[in-house]
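> Structure of the sequence below:
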Amino acid sequence: MDNHGTFSQQIDVVIYDRQYTPLIFEMHGIKIIPAESVYAVFEAKQTLNATYVGYARDKAASVRKLDRTSLAVTWLGGKSEPKKPHWILGGILTFESEWSPPMGKTMTDLLDSAPDESLLDIGCVAAHGWFGRNGDGVTTVSLNGKSVTGFLLELIARLQEIGTVPMIDVRAYARWLAEH
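Predicted coordinates:
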């Protein structure tokens, strides 16, 4: 959710930070997470195919399109500039793949053909391997017997590159709540 009351599509797995965005709302048993706190979003399915890649792309794009606020952080040494909102990682998590080979050219061509806002950055097919978009914007695949561990380590490295999420402007959310 953003400070204008706009919602993303429902997301299966969200990696978020509560340090600068402690507000987590609950509505009808569903957690509502402010857009500023989101590091990564994943679609989770039993198997990987073109339809589910499309779902994951649409869901990642729906989160990336949300408005995110950013405030300066006051600390002992003064005040920092507001942090520019980072790229939200998008991905897909599955057990298996419907393609043959499971993580071959058909998959990478499909992943590389997306518009920017719906790119999938990283994903895991537990039975076969994991994939990630490299610095040149091309999807590379790692096939090994430790696919989930390899995926997790790469995800952690990408989260480390992001650092900290921006500090949320809670007054922007308060204004929206007062108007509705």
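> What helices and strands are in contact with the helix or strand of the chain with the lowest mean pLDDT?
The least trusted helix or strand in the chain, going by mean pLDDT, DSSP states H and E, turns out to be strand 25-27, with a mean of 75. Using 3 or more C-beta pairs under 8 Å, 6 or more residues apart in numbering; DSSP states H and E as the contact test, the elements touching strand 25-27 are strand 30-32. For glycine as for every other residue, the C-beta is placed from the backbone atoms N, C-alpha and C.
> Report the buried residues of the helix or strand just after the strand it packs on.
Downstream of strand 30-32, the first helix or strand assigned by DSSP states H and E is strand 38-44. By 16 or more other C-beta atoms under 10 Å, the buried positions in strand 38-44 come out as 38-43.
> Show me the contact partners of strand 38-44.
8, 11-17, 52, 55-56, 59-60, 63, 86, 88-94, 121-123, 155, 158-159, 162, 165 (C-beta atoms under 8 Å, 6 or more residues apart in numbering).
> List buried members of the residues you listed by neighbour count.
Counted by 16+ other C-beta under 10 Å, those give 8, 11, 14-17, 52, 56, 59-60, 63, 88-94, 121-123, 155, 158, 165 as buried.
> Just the ones of the residues you listed in helices?
52, 56, 59-60, 63, 155, 158 (DSSP state H).
> Among the residues you listed, which one sits closest to G135?
R158 (11.4 Å; C-beta to C-beta).
> Identify all residues paired with the spatially closest residue to the closest one that is not a sequence neighbour through a beta bridge.
Spatial nearest neighbour of R158, excluding adjacent residues (C-beta to C-beta, 6 or more residues apart in numbering): L89 at 6.0 Å. Per DSSP bridges, the residues bridged to L89 are A40.
> Might one say that L89 is in contact with Q160?
No - in this structure, L89 is not within contact of Q160 by C-beta atoms under 8 Å, at 11.9 Å.
> Need the residue closest to the centroid of the chain.
A40 (2.3 Å; C-alpha atoms, centre = their mean).
> Return the per-residue confidence for the residue nearest to A35 when sequence neighbours are not counted.
Spatial nearest neighbour of A35, excluding adjacent residues (C-beta to C-beta, 6+ apart): L66 at 3.8 Å. As predicted, L66 sits at a pLDDT of 98.
> ditto for W176
Per-residue confidence (pLDDT) for W176: 89.
> From K84, how far out is S8?
S8 sits 20 Å away from K84, going by C-beta to C-beta, to the nearest Å.
> which residues of this structure fall in strands?
Counting by DSSP state E, the chain has strands at residues 13-16, 25-27, 30-32, 38-44, 47-48, 74-75, 78-79, 89-94, 96-97, 122-125, 129-133, 139-143.
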